[in-house]
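In: Prediction below, plus the sequence it came from.
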Amino acid sequence: MGVVDIYSASSPCLIRAKTRVEGTKKRVVAMASIVPVEQQVNEGQQRLTGDSFIRTHLRKLSPYQPILPFEVLSSRLGRKPEDIIKLDANENPYGPPPEVFEALGSLKFPYIYPDPESRRLRAALADDSGLEAEYILAGCGADELIDLIMRCVLDPGDKIVDCPPTFTMYEFDAAVNDAAVIKVPRKSDFSLDIELIKDAVEQEKPKCIFLTSPNNPDGRRLLFYDSIINDEVLLKILALPILVVLDEAYIEFSTMESRMKWVKKHENLIVLRTSRLFGKLVFTWISIVVLSAILCIFPWLGLAGLRVGYGAFPLSIIEYLWRAKQPYNVSVAAEVSACAALQNPTYLENVKEALLQERERLYNLLKDFPFLNPYPSHSNFILCAVKSGMDAKKLKEDLAKMGVMIRHYDKKELKGYVRISVGKPEQTDVLIECLRRFN
Ligand SMILES: Cc1ncc(COP(=O)(O)O)c(C=O)c1O
């Protein structure tokens, strides 16, 4: 036994490597096998199939079910994309401010790697939020940051607390990261069950808890308790020995201020935001087509992946995320779009106002249907219980045939519900006309 250069092409034997730590250096210590390489490979090939290389916990993973891309939907429904009313993914129907198209149209260096530290974007987000850029990290959507946090925090077998019904990516990413999920269901009014959370933390010793405020899919607005986590509740959870990831993906549509600045005071708090008002806008189908026309240097599909999310982190945590993140996670186009959108706060404010007004109109219209029970919302969607013998899945499918896409829920934690995103007034009108056919 000795130290062998396992990369040497001339090495005639298979090497079984072990690592040995010597001082601060790790060395590969290998034992040369006396069995010829060819024979071992042949034996191995008989036994091995591709999936035997996959990590054990991932072989049981159920895939995340994303929404269908617009063009696939269009061919399945046999309708032109512009004839589809898309109210199933909480996207913003108004498109980004003109500055985004201009900035993308005059991109100078799309062929150079982006800034790995997204400096311009983080400076713009710092201006927008009032929190210094050193606390902010940007990602390829908030989704990337959820996974990155788990990769940095969880050892295999660690536990997270999830409070369903909620955004299902927490559970999905926990499975990808080989973590166990302790479910502490929300109460029937969708508020958090603090006592159960405390018990779960005490008994199960989870590493972190994911909380969405306002929550998706309910966004529930009530007089006293609702899906917004108030200061008192948040402080109670922060007092527990657990990392709290507060997902504020829909905070703009509520009356609540973001807790981003709280990360300076609480070492166990992370706040996530998504660029819904400026980022999600970029990804609407029509925007992509227009952008593709402007940016003929980009393949159409390259733009569909343009995404921006960001988070506020205590300095003691952000340092590790910097080390572990993919170096070029925010593309040049994504950074440029987000910076350009942030230059026009008036436009973003107007879009928000339009959506808030439309949310109230939509809610009042939905209330009139005997088979729907809509909940007032803090968000850009409205959750409705489907009742009076009507089936939620069938309602969604029948509406899809009419070219109106909504989301339905038929799982243990939320059965017999649909969620409708707030669109433009004309989209609401089509939806209501279609719903009247069920009366
Ligand atoms: C609660 C919540 N968090 C995060 C996300 C993901 O945001 P992004 O599109 O920035 O990845 C979503 C998207 O629907 C969401 O509902």
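Out: That came through fine.
In: tell me which residues of stretch 172-188 are tucked away?
Out: By 16 or more other C-beta atoms under 10 Å, the buried positions in stretch 172-188 come out as 172-179, 181-182, 184-186. Heads up, the C-betas are built off the backbone N, CA and C, glycines and all.
In: In CSV, list the C-alpha atoms belonging to that stretch.
Out: Taking Å, rounded to 0.1, in the frame of the first residue of the first chain, the C-alpha atoms of stretch 172-188 are listed here in CSV:
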residue,chain,number,x,y,z
PHE,A,172,-39.5,19.3,-2.3
ASP,A,173,-36.1,20.9,-1.6
ALA,A,174,-35.9,19.1,1.7
ALA,A,175,-36.4,15.8,-0.1
VAL,A,176,-33.6,16.7,-2.6
ASN,A,177,-31.3,17.6,0.3
ASP,A,178,-32.1,14.4,2.2
ALA,A,179,-33.8,16.2,5.1
ALA,A,180,-36.9,15.0,7.0
VAL,A,181,-40.0,17.2,7.0
ILE,A,182,-41.9,17.8,10.2
LYS,A,183,-45.3,19.0,9.2
VAL,A,184,-47.1,21.4,11.6
PRO,A,185,-50.4,22.1,9.7
ARG,A,186,-51.9,25.6,9.8
LYS,A,187,-55.2,26.0,11.7
SER,A,188,-58.4,26.0,9.8
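In: Surely Lys205 touches Val161?
Out: No: contact criterion C-beta atoms under 8 Å: Lys205 and Val161 do not qualify, at 10.6 Å.
In: Comparing the two, which shows the higher neighbour count?
Out: Val161 (24 against 12; other C-beta atoms under 10 Å).
In: That one: which element?
Out: Assigned by DSSP states H and E, Val161 belongs to strand 159-162.
In: That strand pairs with which strands?
Out: strand 180-183 (parallel), strand 208-212 (parallel) (DSSP bridges).
In: Does Ile251 touch Thr212 like I think?
Out: No: between Ile251 and Thr212 there is no contact under C-beta under 8 Å: 10.0 Å.
In: what about the strand holding Val161 and the ligand, any contact?
Out: No: against the ligand, strand 159-162 shows no contacts by C-beta under 6 Å from any ligand atom, the least distance being 12.1 Å.
In: After that strand, which helix or strand is next?
Out: helix 169-176.
In: List the contacts of the residue in the stretch 1-150 of the chain that the ligand sits nearest to.
Out: Nearest residue of the stretch 1-150 of the chain to the ligand: Gly141, at 2.6 Å (C-beta to the nearest ligand atom). With contact set as C-beta atoms under 8 Å, 6 or more residues apart in numbering, Gly141 has these partners: Thr274, Gly279, Arg307, Val308, Gly309.
In: Backbone dihedrals for the nearest residue to Ala324 once chain neighbours are set aside, both of them.
Out: Distance criterion C-beta to C-beta, 6 or more residues apart in numbering; nearest residue to Ala324, sequence neighbours excluded, is Cys152 at 5.2 Å. When read as degrees, to the nearest 10, the backbone of Cys152 gives phi -80, psi -30.
In: residues from the stretch 201-350 of the chain in reach of the ligand?
Out: Checking the stretch 201-350 of the chain against the ligand by C-beta under 6 Å from any ligand atom, the hits are Thr212, Asn216, Asp247, Ala249, Thr274, Gly309.
In: how many other residues sit next to the last one?
Out: I take that to be Gly309. 26.
In: Also the third one?
Out: Look at Asp247: counted by other C-beta under 10 Å, it has 27 neighbours.
In: does the nearest residue to Val418 once chain neighbours are set aside count as helix, strand or coil?
Out: In this structure, Val418 finds its nearest non-sequential neighbour in His408, 4.8 Å apart by C-beta to C-beta, 6+ apart. At His408, secondary structure determined by DSSP: H, G, I helix; E, B strand; the rest coil is strand.
In: these two touch, right, Gly311 and Tyr135?
Out: No: using C-beta under 8 Å as the test, Gly311 is too far from Tyr135 to be in contact (9.0 Å).
In: So between the two, which is more surrounded?
Out: Gly311 (29 against 22).
In: What pLDDT is listed against the more buried one?
Out: At Gly311, the model reports a pLDDT of 97.
In: Quick one: distance of the helix or strand it falls within to the chain centre.
Out: Here Gly311, judged by DSSP H and E, is contained in strand 309-312. With C-alpha atoms, centre = their mean, to the nearest Å as the basis, strand 309-312 stands 11 Å off its chain's centre.
In: Check stretch 345-354 too.
Out: The answer for stretch 345-354 is 23 Å, by C-alpha atoms, centre = their mean.
In: In that stretch, which residues are buried?
Out: Result for stretch 345-354 [16+ other C-beta under 10 Å]: buried residues Tyr347, Leu348, Val351, Lys352, Ala354.
In: Looks to me like the first one is in a helix.
Out: Yes: looking at Tyr347 with three-state DSSP, it is inside a helix.
In: That one contacts Pro97, correct?
Out: Yes: using C-beta under 8 Å, Tyr347 is in contact with Pro97, at 4.0 Å.
In: Residue ranges in this protein under the pLDDT threshold?
Out: 1-46, 223-226, 276-306 (pLDDT under 70).
In: Relative to the helix or strand hosting Asn373, what are the paired strands and their orientations?
Out: Asn373 is part of strand 372-374, with elements assigned from DSSP H and E. Neighbouring strands of strand 372-374 in its sheet, by DSSP bridges, are strand 381-386 (antiparallel).
In: What are the contacting residues of the strand it pairs with?
Out: Here strand 381-386 has contacts from 90, 216-220, 359, 362-363, 366, 371-375, 377, 392, 395, 416-422, using C-beta under 8 Å, 6+ apart.
In: ok, then the element right after it?
Out: helix 392-401.
In: Would you mark the buried spots in that next one?
Out: Ala392, Leu395, Lys396, Asp398, Leu399, Ala400.
In: how far off strand 381-386 does that helix point, in degrees?
Out: Between the axes of helix 392-401 and strand 381-386, defined by axes from the mean of the first three to the mean of the last three C-alpha atoms, to 10 degrees, the angle is 120 degrees.
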